[in-house]
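**Q** I would like to see how this sequence folds:
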Amino acid sequence: MRELLWLSPYLRRYWLRLLLGALCVVGANLSWAITPRIVGQTVDRIIAGTLPTEGLLLNLGTILGLTLLGALLTFLMRQTIIVVSRILEYELRNDFMRTLERHSARFFHTHPIGELMAYATNDIPSIREFLGPAIMYGLNTAMALLFSLLFMLTLDLPMTVLALLPLPFAGVITYVIGRRVHAVFTTVQEHFGELTRHAQESYSAIRVVRAYGAEEAEKQRFQELSREYMRRNLHLGRLQALSSPAMMLLVGVVQLIVLGYGGFRLMQGTLSAGQLTQFFLYTNELIWPFAALGWITNIVQRAAASTQRFRHLMEQAPDVPDTGRLSIRLTQIRGTIEFRNVWFRYAENRPWTLRGVHLYIPAGSIVGITGPIGSGKSTLVALLTRLYDVTDGCILLDGRDIREYPLETLRAAIAVVPQDPFAFSLSIADNIRFGAPNASHDDVLRASRWAALHPDVERLPNGYATLVGERGVTLSGGQRQRLAIARALLLNSPVLVLDDALSSVDSATETAIQEQIRALVPKHTVLLIAHRISSLSLANHIVVLSDGVVVEEGTHTELLQRQGFYARLYRYQSLQAELEQL
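**A** Purely as a prediction, here's the structure:
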C-alpha cells in the first residue's frame, strides 16, 4: 500500500474536514453500539417484571433518539468525506492536465492520446473511490468493530473470545484476494488504455477508414480488444465476488457460535435472555463491517494499482523544462533570431535531423526557408518555439538563449501557422480569437481581412457565428489555413512563422495574403517556410536546407545565378506547373 502514501499531500490539504468526518463516524458508531445495550437491559427488566410503563417509554424514546442521532451523523459523515473526495478528484484532474501541458511533443510520441484518456476516465475515478468511500467505510468498519467488540467484552468475556475465533480467517482472505485484485486490476487498466487508444485513432481517422473501406477490419480489431478487456474484467469480477460471500460466511459462523454457546449458557442460567439478545444485535452490527471489509479491500487494491500508474506518469520530468527566469515584456522583444551551430535528432537511435545549422535572421526581415521534404524545415520551427530542445548548440532571440525566456513569454512572442492547421469545434470568430480570447469583434474582422478569409465568411449563413464542426470539418483546406493565419495575425506577435501555410490557397489569394504580411514589416520578423518556391516571392532572403544542412543562402536572383540546388528545384517546379496547365 506504499503507493497510496503518494496521495497524502492531497489529503493533508483538507485535514480539518476529514477530521470532522471522522468524528461523525465515531459518533454514529457509538450511537449504534449503545442501542443493543439498552435493548438487552429492557428485555431483562421486562422478563423480570421490573420495568414500569414510563421506563419502557423512556427506553424506547432513547433508542429512537440514538437511531436518529446515528442517522444524522452518518449523513454529515458523507457530506464531509465524500465531498472532499470529489474536490480531490477535481484537483487530480487539474494536476493531470497541467502535467500534460508541461510536456514536450516527444512525450506524446510515446504516450498515445487514447492511453492518456484512460488515466482520466478510469484511473482517477479509482483513486477517488479510495479518497472517499474507502476511507469513509474503512473508518466506519473499524469503529463498528471496535465499539461492538468493546461492548461484547464488557458483557461476557468467554463468549466474546469464541465469537472472535473466525477473525484471523478474515485477515487471510483479505490478504490473499487483495494481492490478486491488485495484479489483475493493473492489467485491466493497461488494456483499457490500449482499447481507448484504438478507439480514439479510429474515430479521428474515420475519413481514411471509410475511404479505404476498412470499417470491417477496424470493427473486428475493436471487438478483439473489447473481448480481451471483458475477459480480464470478468476475471477481476470473479476475484472481487469472492470477498463478500467469504466475509458473510464468517459472520454466519460467528452467529452460529453465539447461538450455540449462548443458548447453552442460557439453559444453564449463566447468561440472561437480554445478554443473549445483545450479543445477537452486536453480531448483526458486524455483518456490514465484515461484508464491507472485502469491498474496501477491492477498492484499496484497485486504487493502489491506479495510483502506481498515475504517479509514474505525473512524476515524469518534462524534457523541455520551463526554467527561464528572464523578466521581459512582449513589446520589448524585437525579433532577431540566430541558430548557432544547432544539432538535433528526435531520439538517440535516430539519424540527425539538423546538423550544425548556422542561421541569422535580423529583426523586421522576411526570410524564406525551403528545401525538399524531410530536410528539417518544420523542425526549425519546433525548436524555435521549444516544442523540442536542441541536442547541441543554441538558438538566440534578441541575443539571449531562448531557454532563458519563460515558455509562456517565448511562445507568445512567436505566432506559428502550422502546415496542418487545426480548427476547434467552435464558431469561426472564437477560432480566430483562440489565442487572444479578449479580442474584440473588430479585431477579429481585421485579422480575417488580412488573411483573405472575410469574403468566405460573409457567404456563410451565420457569418462569424458559424460553427466549424470537429477539426473544422465544414471548412475547406484553404479556409482552414486562412483561419489559422488570421488567428496568428490577431496575436500581433513580434515573430510570425508561416510553416507551409499557403499550400492550399490559390495564387490570387496567396498574393493578397502576402501583401498584408508585407505591411507588417518592419514591425515583425517573418519566417516563410515552404516547399513551393512561388510561396517565397515575399522573402528578401532565402535559406535552402537539404538533409539537415544549410546548403545555400541569398536572394531569389542570387540563388538562381548560382545554378545550384535552389535553381534546380526552381526549374523542376516551373516545369511541373507548366505540365499541370497543359
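**Q** domains for the protein, by residue range?
**A** Per automatic domain parsing, the domain ranges recorded for the chain read 2-314, 333-555.
**Q** any idea whether Met19 is helix, strand or coil?
**A** For the record, residue 19 is Leu, not Met. Using DSSP: H, G, I helix; E, B strand; the rest coil, the structure places Leu19 in helix.
**Q** contacts for the host helix or strand of Ala508?
**A** Using DSSP states H and E, Ala508 maps to helix 507-520. Contacts to helix 507-520, defined as CB atoms under 8 Å, 6 or more residues apart in numbering, come from residues 366, 449-452, 478, 482, 485, 489, 496, 498, 502, 505, 526, 534-535, 537-538. Heads up, the C-betas are built off the backbone N, CA and C, glycines and all.
**Q** Strands - which of those residues land there?
**A** Among the contacts of helix 507-520, the ones falling in strands (DSSP state E) are Ile366, Leu496, Leu498, Val526.
**Q** now, which of these sits nearest Thr187?
**A** Nearest to Thr187 out of these is Leu498 (CB to CB; 47.2 Å).
**Q** surely the closest one meets Arg482?
**A** No - using CB atoms under 8 Å, Leu498 is not in contact with Arg482, being 11.5 Å away.
**Q** before we move on, back to that, can I get the domains of the chain in TSV including mean neighbour count, mean pLDDT and distance to Gln563?
**A** Shown next, in TSV, are the domains of the chain (neighbours: other CB atoms under 10 Å; pLDDT from 0 to 100; distance: least, CB to CB, whole Å):
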stretch	mean neighbour count	mean pLDDT	distance to Gln563
domain 2-314	17	81	38
domain 333-555	18	84	11
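**Q** need these in TSV with distance to Arg562, can you?
**A** Putting the domains of the chain into TSV (distance: least, CB to CB, whole Å) gives the following:
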stretch	distance to Arg562
domain 2-314	35
domain 333-555	7
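**Q** looking at those domains, which is closest to Arg325?
**A** Checked against CB to CB, the stretch from those lying closest is domain 333-555, at 7.3 Å.
**Q** residue ranges for the helices of the stretch 401-550 of the chain, please.
**A** Residue ranges of the helices in the stretch 401-550 of the chain, as given by DSSP state H, counting those that start in this stretch, are 407-413, 428-432, 441-450, 454-458, 477-491, 507-520.
**Q** related to what we said a few turns ago, quick one: which of the domains of the chain is nearest Leu569?
**A** domain 333-555 (6.4 Å).
**Q** what about the closest one, how long is it end to end?
**A** Domain 333-555 has an end-to-end distance of 26 Å (CA to CA, to the nearest Å).
**Q** From the contact counts, what lies against the helix or strand containing Leu72?
**A** Following DSSP H and E, one finds Leu72 within helix 53-102. For helix 53-102, the packing partners by 3 or more CB pairs under 8 Å, 6 or more residues apart in numbering; DSSP states H and E come out as helix 8-12, helix 15-48, helix 124-129, helix 135-155, helix 287-314.
**Q** follow-up on the earlier one: any idea which of the ones in strands among the contacts of helix 507-520 is closest to Thr474?
**A** The closest of those, once distances to Thr474 are taken by CB to CB, is Leu498, at 23.7 Å.
**Q** partners of the closest one in the sheet?
**A** Val417, Leu528 (DSSP bridges).
**Q** do you know how far the residue lying closest to Asn59 once chain neighbours are set aside is from Arg78?
**A** Distances taken as CB to CB, 6 or more residues apart in numbering place Thr42 nearest to Asn59, at 4.8 Å, with adjacent residues excluded. Using CB to CB, to the nearest Å, Thr42 is found at 31 Å from Arg78.
**Q** Also Ile135?
**A** Distance from Ile135 to Arg78, counting by CB to CB: 12 Å.
**Q** Also Phe344?
**A** The gap separating Phe344 from Arg78 is 55 Å, by CB to CB.
**Q** Over to Ser306?
**A** Taking CB to CB, one finds Ser306 at 23 Å from Arg78.
**Q** My guess is Ala292 contacts Leu139. True?
**A** No - in this structure Ala292 lies outside contact range of Leu139 using CB under 8 Å: 10.9 Å.
**Q** show me where the stretch 251-400 of the chain has helices.
**A** Taking DSSP H, counting those that start in this stretch as the test, the helices found in the stretch 251-400 of the chain are 273-285, 287-314, 377-384.
**Q** CA atoms of the last one as PDB?
**A** Right, the one you point to is helix 377-384. Provided in PDB are the C-alpha atoms of helix 377-384 (Å, rounded to 0.1, in the frame of the first residue of the first chain):
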ATOM      1  CA  LYS A 377      12.300  22.900 -42.300                       C
ATOM      2  CA  SER A 378       9.500  22.300 -39.800                       C
ATOM      3  CA  THR A 379      12.000  21.100 -37.200                       C
ATOM      4  CA  LEU A 380      13.400  24.600 -37.100                       C
ATOM      5  CA  VAL A 381      10.000  25.900 -36.100                       C
ATOM      6  CA  ALA A 382       9.600  23.200 -33.400                       C
ATOM      7  CA  LEU A 383      13.000  24.100 -32.000                       C
ATOM      8  CA  LEU A 384      12.400  27.900 -32.100                       C
END
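**Q** what residues does it touch?
**A** Helix 377-384 is contacted from outside by 105, 337, 339, 342, 344, 353-354, 357, 359, 369-371, 388-390, 395, 402, 414, 416, 418-419, 495, 497, 499-500, 527, 529, 531, 545, using CB under 8 Å, 6+ apart.
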